Structures are given as C-alpha cells and as structure tokens.
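>>> Following is a predicted model, sequence given first.
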Amino acid sequence: MSWSTFSQIFRHRRKYLSVMENSLQEIAEYRLNFVLSFAYTLIPLASFILLWLAIYASQTSTSATIGDYSLSDMITYYILATWVNELNASERYIWRPSADINTGRLSLLLLRPLDSISYYFFIDLAATLPYSLMGIGLIAGFVVLLRIDLVHPNSFWTFSLFVIAVILGYLLSFIIGILRAIPTFWLENTSGFNQLLDWVIMIFSGSLIPLSVLPPSLQHLSLWLPFQYLVFFPVNIYLGQVPLLEALQGLIIELIWLIASFVGLRLAWRYGLRRYTAIGG
Amino acid sequence: MSVIEVNHLSKSYRLHRKEPGLKGSIKSLFQRHYEEIIAVHNISFYVEEGEFLGLIGPNGAGKTTTLKLLSGILHPTHGEAHVLGFTPWQRSEDFLRCIGFVMAQKGQLWWDIPPLDTFLLNKEVYGIPANEFDRQLDEMVTMLEIGDRIAVQARKLSFGERMKCEIIASLLHNPDIIFLDEPTIGLDIVSQKQIWDFLKRYNRQYRKTIILTSHYLGDVKKLCDRVIMISQGEIAYDGALSTLIHRYAPFKTLTIHFADGVPTREAIESHGELLESLGDRVVLRVNREDTETAIMAIASKFEIYNLLVEEPQIEDVMVNIFANLSPQA
C-alpha cells in the first residue's frame, strides 16, 4: 500500500511540486514572521544553557559528567535539539488538517484528483526546507556571538547517520502530526487531548531534557515509544553517544515505526473519511 | 441523454441534542439524546446534458446536501445516483476530472497569494495542457472582466472579484457538469449580472450541464430552464418556473387609476383583495380566472383612465410557497 503511494506521487510529481511552489510563495508573504518564529526559540535555548552552566558549576569535580554528558556535550545537545525539534512538523502542522476537517474545507480537497495526505506533506516540506536552513543560520549566529564551543562529530559516518536520523525523524513527526488530527473526524474539539500529547512528546522526544538524565523508569518507558526518534536519537548520534552498530540498529527500528505508522495513518485516514462523508463536510 | 440519474436517494444524520444551559451540558455528559435528521428523503430526478437546473427551497431544505451527494462529498444513506455513469461517492479520478464545484462559503483560493497561482496549481492538479489553459483562462478573465486582478493576493480582492476567481478556478479544467452553491450570494448587481451572463453563455456555447442552488430568485429567473423545489428533503416541484408560479399563485395583480377619485373601500373590496391604495391609484389582487369579470365590473361602475394587469412577482410567490412549506408552519 505504501509503495503505491510513492509511485503515485512520482507519477504526479508536478502536482505536488506546484503545491510546494504555492506554499513557498505563501511563506515569502510573511518573511518576518517566518524568521521570528524560529528566533524566539533562542530564548528558551539560552535559558537552558544558563541553567546547565549553573548545574555543572555546582559539581565538585571540574570534569563532571551528568548522564554521560560533559558540559560542552550538554550545551551542544540543547543547540542541536532546538534545531531538530523546530524542523519537525508534528506541532506546527497538526492544526491544518484538523481545521480542514472541522470547517469542512477538506471537501475542497476531496473534490479534486489529489491525495490529501500527500498534499499536506508537500505543503509542510516546502516550509521545512527553508525553515531548517534559516535555523542553521540563526543558530550559527547564536553560537558565534556567545563563543560557544560546539562538540564536533567524531567521524564522517557519525555525521551521515545523524543526517539520516534527522530526515527519518522528520518523516515520523509528520505522520504523528497527521495522526493527531484523526480524532477530529469524530470529536469537534481535540485541543485538550493534544495539549496533553504535546507534553508527552516534549518529555519523551528528549527536547526538554536528554532522556539519559530522566529517572530509569521513564527512560525504560521511552524505549517503547516512537518519540525518542524525533530528537534524542539523532542528537545523541551526533554527539557520539551511540556506537555505530547500535545507531544502525536504531535506524532500522525507526524505519519499522515509520512504516507501521504510515500504514496505520492510511487506514485511519480512510476510516475517518468514511465518517466525514457520512456526516457531511 | 441523461447525465445525472438520481433514484430514491436519501440522506440522514444522527445529531445529538443538548438541552439549553449549563445544566443541559452536564446532563448531556451522561445521557445523550440522539435525533435523526433527514436531510434528503427519497428523491428521484434526471438531468439531461446541457440543462441548466435550479435547486430552490427554504434554508435547510436539503439543496446543498443534494449537491454534495452528486459531487461525491457525501455518502447517501439509501438509494443510488449516477453522474456521467459514475457513482459519485466512489470519487474516482476520472469522475473528479469531469465535475467542477463552486462553493460560496468555502473558497479554494489560497488566501495569501494571487488567484493566478491557484489557477496554475489547478493546471497541474488536473493536468491541463498549457495552450488549453491559456485559452480557457483568457476567455474567462475577459468574460468576467477581472483582467490583471488575478495577479493580486486573494486577500486584497473585493468579494465580487474573489467569487469570479472561485468560478474560474473551478472551471479551468473544463468540467462537463458544474455545481454552484449560492454563486451570487452577497454580490453587487454588476458582478451578479456578469456572473449570470458568463454562466448562461458557458451553458449555451459548450452545452455544459449546470446545477445551482439559490435563495436568490434572480439567479433562477435569469438562468434556469427548469427548477426543482426541495422542501424538508423532498421534491415539492419539478418543472418550468412559470408553471410553478401558475400553480402556487393563482392570481393576478390589477393596478387601476381612477379618473374621479378612489371609490370607497367596500366598493372595491367586493372585487378582490385590496393591496394598496394611494392617491388615485389602487392595487388589487384577483383570482386568475376572475380577472376579466372583475375588470368589466369595475369599469362599468367607475371612470378609470389607466389599467395595468400583471403576473405576480416571483419573489412574492416564493414567500408564500416557502412560508407554507417551512416546518414551523
């Protein structure tokens, strides 16, 4: 089922390229907003760095580590986690399909020879590409300005695996984002549920605190959830905390999560559409 | 050839009803009262190729539901429909390429970019060849007189300009069947007329089948060969508009100017229902078949210098019909 989707997209790539083109133009209309929406994430980033500076300073030994991280590991972790978390789509884009289902605008998509999920994906991809590049620029400025010593990846392989993990994590975050919109087919308001889920994802993705600093019980739980692949896993690969073999193993498990959630999404979406066309857009 | 065949089509929803107030809200947490809403009940009709059909009826009669069923957005509860040989709610790509749907309430234009970019997106979505796209766009832009406004961000356009662009966006792929849901709602007279002329020409020139819903009788009067009146989900009338008026308004209006002042109220009211009396002029409503006798009788009794016999205004007729049909009555 998933394979046929890809071949469909490829055959109709001009449709989806055109969707991306329009989406980019929309972003260009609001350039300043686009820059600011990333820039403000530097404020919590700076706060976290200050917090960890204080924590490490209170340690007795100067070469103290917390959860296997040295001070510069920890700072690098937060800088990369901010970037990776921002380029993940799950929080930015769930509102779109949700709102379309609620207002009945989804009908406009159903009336056209277009795959709705692919449509949402390319709208998001169009935003994510420039957003992540701009994020690199802003974070580079931040690092240079504050003279932060970033940890560098210890090999080309580490870096390559990091890039692959980031891409897969982005795809996973997109699928999770759309999955979170599915309950809207049945319930008018899902914001309470989604706010709760925001916190669950924030904690178990490692965007708030590295998972290795969490209490063992939570760490154990995180292994059974897909969220660590969104932030913690790629950033840890970069920092050299994950041995090569283990990283490959992790990527395979991530791929399984990805395929399973994609198939689940397709089924759930079809089921939801049945409900949508039953009660009327 | 029938392009649309509808057989015993029904659509009902289950809605949960809440009693008013906080108490009602708390109660509904534990016990929900569901209510079956019948939007469309057992309707059947055929539409021929090239027909211009108007669906009329009061709010909530089931007009939009019917369009949604025929365009495949809605799944029916019972019955079947064939549109160009397709079952609409299967939404096959070939079917979707053959229909266009203009919804006044939900625009497809991208808000922050010019309509032209939405058009270009549709060009790719429907795979419209470049030369055909240019020709089609050029023709529609000229007919609707919006010119270079299509290069301005949609959010900066006037309501009328946006509606015209919605129509263009929905027709660029040259669909065989066009659904329009309240296409002229809230438009000024000039835009209204441009859209009427455009739709009329599109229908005649290319023999495209068009179905529109409207509250606004101007639309129907100017455009539709045939009307289907829907009331409480059922077809109350199917045929020509003029026949509908005859059936529901079996009267004519007489406007009489008297030479020597208006006679007494009693003298006039014996001939018909007095609608208006102003200066030397009296407006009287009489039964269609009594028209002649009434005129003769009045003319023999009084000196009149001007007489006008009119068919009733369609708007007045509809008010009567809808008032009789609505559930409250």
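Thanks, I have the structure now.
>>> all strands for the stretch 151-281 of chain A, in order.
Taking DSSP state E, counting those that start in this stretch to define them, one finds no strands in the stretch 151-281 of chain A.
>>> Nearest to chain A: which residue in chain B?
Proximity of chain B to chain A (C-beta to the nearest C-beta) peaks at B:Glu124, 4.0 Å away. (Each C-beta comes from the backbone N, C-alpha and C, glycine too.)
>>> show me the contacts for that residue.
The contact partners of B:Glu124, by C-beta atoms under 8 Å, 6 or more residues apart in numbering or on different chains, come to A:14-15, A:17-18.
>>> Tell me the one of those residues nearest chain B?
So of the contacts of B:Glu124, ranked by how close each gets to chain B (C-beta to the nearest C-beta), first place is A:Ser18, at 4.0 Å.
>>> OK, contacts around that closest one?
Contacts of A:Ser18 (C-beta under 8 Å, 6+ apart): B:120-121, B:123-125.
>>> can you confirm it is in a strand?
No: assessed by DSSP: H, G, I helix; E, B strand; the rest coil, A:Ser18 does not belong to a strand; its assignment is helix.
>>> any idea where the helices of chain A begin and end?
The residue ranges that make up the helices of chain A, judged by DSSP state H, are A:2-11, A:13-29, A:31-39, A:42-57, A:71-87, A:90-93, A:95-103, A:106-110, A:116-145, A:156-181, A:191-205, A:216-222, A:232-238, A:244-279.
>>> Give me the spatial nearest neighbour of residue 53, chain neighbours excluded.
As the question left the chain open, I've gone with chain A. Nearest residue to A:Leu53, sequence neighbours excluded (C-beta to C-beta, 6 or more residues apart in numbering or on different chains): A:Leu71, at 7.4 Å.
>>> switch to chain B, that's the one I care about
Nearest non-adjacent residue to B:Leu53 (C-beta to C-beta, 6+ apart): B:Ile211, at 4.7 Å.
>>> hey, what's that neighbour bridged with?
B:Ile211 has the following beta-bridge partners by DSSP bridges: B:Leu53, B:Phe179.
>>> in chain B, which spans are helices?
B:21-30, B:63-71, B:93-98, B:115-125, B:130-144, B:159-171, B:189-206, B:217-223, B:241-248, B:265-269, B:291-301, B:314-325.
>>> Return the most buried member of these.
Stretch with highest mean neighbour count among the helices of chain B: helix B:63-71 (a mean of 25; mean count of other C-beta atoms under 10 Å in any protein chain shown).
>>> still on that earlier bit, thought A:Trp52 was touching the residue nearest to A:Leu53, still the case?
Yes: counting by C-beta atoms under 8 Å, A:Trp52 is a contact partner of A:Leu71 at 7.1 Å.
>>> so what secondary structure elements neighbour the worst-scoring helix or strand of chain B on mean pLDDT?
Scoring the helices and strands of chain B by mean pLDDT, DSSP states H and E places helix B:314-325 at the bottom, with a mean of 71. Where contact means 3 or more C-beta pairs under 8 Å, 6 or more residues apart in numbering or on different chains; DSSP states H and E, helix B:314-325 is packed against helix B:217-223, helix B:241-248.
>>> Using CSV, lay out the ones you listed together with mean pLDDT and distance to B:Gln232.
Putting the helices and strands packed on helix B:314-325 into CSV (pLDDT from 0 to 100; distance: least, C-beta to C-beta, whole Å) gives the following:
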stretch, mean pLDDT, distance to B:Gln232
helix B:217-223, 81, 20
helix B:241-248, 79, 16
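>>> Turn those into JSON lines, including distance to chain A.
Below are the helices and strands packed on helix B:314-325 laid out as JSON lines (distance: least, C-beta to the nearest C-beta, whole Å):
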{"stretch": "helix B:217-223", "distance to chain A": "22"}
{"stretch": "helix B:241-248", "distance to chain A": "28"}
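>>> Quick one: closest of those helices to B:Ile256.
helix B:241-248 (22.4 Å; C-beta to C-beta).
>>> Hey, what's the angle from the closest one to helix B:314-325? Just curious.
Interaxial angle, helix B:241-248 versus helix B:314-325 (axes from the mean of the first three to the mean of the last three C-alpha atoms, to 10 degrees): 50 degrees.
>>> returning to what we had before: can you say which of the helices of chain A is packed in most?
Comparing the helices of chain A by mean neighbour count (mean count of other C-beta under 10 Å), helix A:232-238 ranks first with a mean of 27.
>>> hey, C-alpha coordinates of it in PDB?
The C-alpha coordinates for helix A:232-238 follow below in PDB (Å, rounded to 0.1, in the frame of the first residue of the first chain):
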ATOM      1  CA  PHE A 232      17.000  12.400  21.300                       C
ATOM      2  CA  PHE A 233      18.200   9.700  18.900                       C
ATOM      3  CA  PRO A 234      19.600  11.900  16.100                       C
ATOM      4  CA  VAL A 235      21.300  14.300  18.500                       C
ATOM      5  CA  ASN A 236      22.800  11.500  20.500                       C
ATOM      6  CA  ILE A 237      24.200  10.000  17.300                       C
ATOM      7  CA  TYR A 238      25.800  13.400  16.500                       C
END
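>>> Contacts made by that helix with the rest, please.
A:76-77, A:80-81, A:84, A:153, A:158-159, A:161-162, A:165-166, A:169, A:205-206, A:210-212, A:222, A:242, A:247, A:250, A:254.
>>> residues in contact with residue 82?
Since no chain was named, I'll use chain A. With contacts defined as C-beta under 8 Å, 6+ apart, A:Thr82 is in contact with A:41-42, A:44-45, A:139, A:207.
>>> switch to chain B, that's the one I care about
When contacts are counted by C-beta under 8 Å, 6+ apart, B:His82 touches B:4-5.
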